[in-house]
Each structure stands twice: as structure tokens, then as C-alpha cells.
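Participant: sharing a model prediction with you, sequence too.
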There are 2 protein chains.
Amino acid sequence: MISQTSEYALRAVVCLAQNPDKPHTTAEIAKWTKVPEHYLSKVLLALAKHEVVISKKGLHGGYVLAHDPEDLPLLNVINAVDPIKHIKSCPLKLKTHGTHLCRLHQRLNESIDMMEDLFRTSTVALILNEPTQSIPLCESTTR
Amino acid sequence: MISQTSEYALRAVVCLAQNPDKPHTTAEIAKWTKVPEHYLSKVLLALAKHEVVISKKGLHGGYVLAHDPEDLPLLNVINAVDPIKHIKSCPLKLKTHGTHLCRLHQRLNESIDMMEDLFRTSTVALILNEPTQSIPLCESTTR
DNA sequence: AGATAAAAAGATATATTTATCTTTTGTATA
DNA sequence: TATACAAAAGATAAATATATCTTTTTATCT
């Protein structure tokens, strides 16, 4: 439902949000989030390109969040690495349908819209602060 | 968001629902739904295995729906070919999380649940009967 | 300036999904 | 019962997503 790549991106972002003190290297984040290190480096690159995170090269460099967790919807993270695609025109290319979607694709689109809305209204901060029994993906961190 | 395979399955089922008069061959359905014929045959096979459609071999054979469109949620179609997977345990295998999902994965799961609910409450009949400007994926049929 | 740290970029490999082609099996009907 | 029809099954191929490895560029600190 959500791609592996999006899942990795979300993990990385939540991890950075939990450790805002200083930049963290790909290797560190990979270790905490259990994402394959070299693949994560691509994911972080995409996140940096879309200004979800900021990268700093060189000694003491690494990645930090580009925004407050309050201002960062999960949707932004997802769209940076694996954009949610809406159905805009008939996938069957029926001439008679033109720009109108048939009922089937309207329904499919509805479900995509619903999911997108949930991710748009869920910020990273919400994830961090919601009451629950498990602290998000971080037994290795100090928290 | 929904796999290509699920999309194909839904198209085939809607097509059969619109043409309930007699069994239809893979070739016919492929033509109407614009799904690659040989791939569609695998998809229909899976639908038959899960009793969404009924297959008849031999002359005048083909596929018919196994249920009234009123009794056939889109979810059943989707689950037959590409089951919706819920997140049941921590994907990071954190010992401290055990059976509890962290907030991140609770959220992801919520979105999966929402989508599943929509598909569970949407029957094929609903697709056929909803008012709209485009008749579902069928300019080639008689309707 | 030189050494080192770390991201960026590029090249390659593996796995999964999607698609095609061929052969076999079962069924109706002439 | 022979024949044609159509699904079932199996084998192969192409495309895409995921993952790994290597080299290059850029920044920091002595």
C-alpha cells in the first residue's frame, strides 16, 4: 500500500525528529532505523532534493530535518521519494470517457484521496506525541 | 497505491458484471478492458481460485461472475489477486516493541484500514449504479 | 595545505512485478 | 468419437523496484 522506499523515508525522518541535537550520518540513521545503508543514502538524497531534510557534507556533517516536526506532514516525506499518483484520466484511454473518470476509477481515486488526506493531516510531530505504548522505532536512541 | 494487477482484476470483474448474459472468454474480456490478454488469463485464474468468478472450459466456455454484483465488494476482488497486507508487528523487529506497533506504524496501518474499509463497503453493483457521466470502462459493449 | 569525514554520483546486482508464449487438460457438440 | 474451443499450467522474458558497491566531490579541522 505504501512502498518500501516510502517506509524507509518515514523511518529516517522520524528518527531525525527524535534526535534533533546535531546532524546524523547515513550510517547512524541506517543503524537506528534498520534500513540498508546504501539504499538509505539514495532515499536521503531524494529527501534533501525536496527540502525535507538538509544535508551537510564534511566532518560533523550529515542530515538534519529542514522543518519543525509540527510543520512536516507525512505526505511531504512520501511525495519526496514516491509521489502519490492520482488517476486524472481514464486509464483505458476510452475516447468516450475523455476527461471524465468512470465509476470504477472514481472509486479508486477516492481511496487514494482518503489516504492522501490522512497523510496530509498527520505531521511528524503527531507521530512523536501521540500516546502509545511504543516509542517510534527507537530502542537504540537515548530517549 | 493499488497494484496494476488489482486494477486489471477490477476491470475484468466490472466488465463481467456489465455483461452477465453468458460466459466470456479471456480474449473478449481482454479486448474490452484493454488488459494484456495473457496476463489477464493469470488474473482470471486467481479470481476463479478465490471464487470471485466461475470458469467453464470448452466450447461456449469462459468466465462468469460467481456472485451478484450486490454481494461482491471490491475488496474481495483485490484480495484475490493482491491481498491487502496489514502491519501486524513492528517491521523493525525491535524487541522492546514486541506486539505493539509504534506510532509511525499505527498511522500507516490506519491508512491501510481506511482504504480497506472503503473497498469493503463498495460493491461492484455500487460502481455500476452510481450516477456519473461515464459508463464504467465499456465503450465496446452494447450498453 | 593536508588529512579526514561525509554526502553525491555513478555503476552494477538482485528481487519482484508485470507480461508473453507454448503446451496440456478438460468440455461441449456435431 | 473426432474436433474445435477455451481454460489451466508451465516456462520464459521484460520492466521496475530494491539493494550494494565504488568513485568523486565538498566541507571541516588541524
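Facilitator: Cool, the structure landed. Residues are numbered from 1 along each chain as shown, chains lettered A, B, ... in the order given.

Participant: stretch A:44-54 and DNA strand D in contact?
Facilitator: No: contact of stretch A:44-54 with DNA strand D (CB under 7 Å from any atom of the strand) is absent, the minimum separation being 10.5 Å. Any C-beta I mention is one placed from the backbone N, CA and C, and that applies to glycine too.

Participant: check the offset of that stretch from the chain's centre.
Facilitator: Centroid separation between stretch A:44-54 and its chain, computed with CA atoms, centre = their mean, to the nearest Å, is 10 Å.

Participant: same check, this time on stretch A:34-52
Facilitator: With CA atoms, centre = their mean, you get 10 Å for stretch A:34-52.

Participant: how about it: buried residues?
Facilitator: The neighbour-count check on stretch A:34-52 (16 or more other CB atoms under 10 Å in any protein chain shown) flags A:35, A:40, A:41, A:43, A:44, A:46, A:47, A:50, A:52 as buried.

Participant: just flag the most distant two among those residues.
Facilitator: Spatially, the most separated pair among the buried residues of stretch A:34-52 is A:35 and A:50, at 17.8 Å (CB to CB).

Participant: possible to save the buried residues of stretch A:34-52 as JSON lines with pLDDT?
Facilitator: Listed next are these as JSON lines, based on pLDDT from 0 to 100:
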{"residue": "A:35", "pLDDT": "96"}
{"residue": "A:40", "pLDDT": "98"}
{"residue": "A:41", "pLDDT": "97"}
{"residue": "A:43", "pLDDT": "98"}
{"residue": "A:44", "pLDDT": "98"}
{"residue": "A:46", "pLDDT": "97"}
{"residue": "A:47", "pLDDT": "97"}
{"residue": "A:50", "pLDDT": "97"}
{"residue": "A:52", "pLDDT": "97"}
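
Participant: which one of those residues is nearest to residue A:81?
Facilitator: Taking these together and measuring to residue A:81 by CB to CB, the closest member is residue A:46, at 4.8 Å.

Participant: could you identify the helix or strand that succeeds the helix or strand harbouring the closest one?
Facilitator: Using DSSP states H and E, residue A:46 falls within helix A:37-49. Once the chain leaves helix A:37-49, the next helix or strand it forms, by DSSP H and E, is strand A:53-56.

Participant: quick one: the helices in chain A?
Facilitator: Under the criterion DSSP state H, chain A contains helices at A:4-18, A:26-33, A:37-49, A:74-81, A:103-121, A:124-129.
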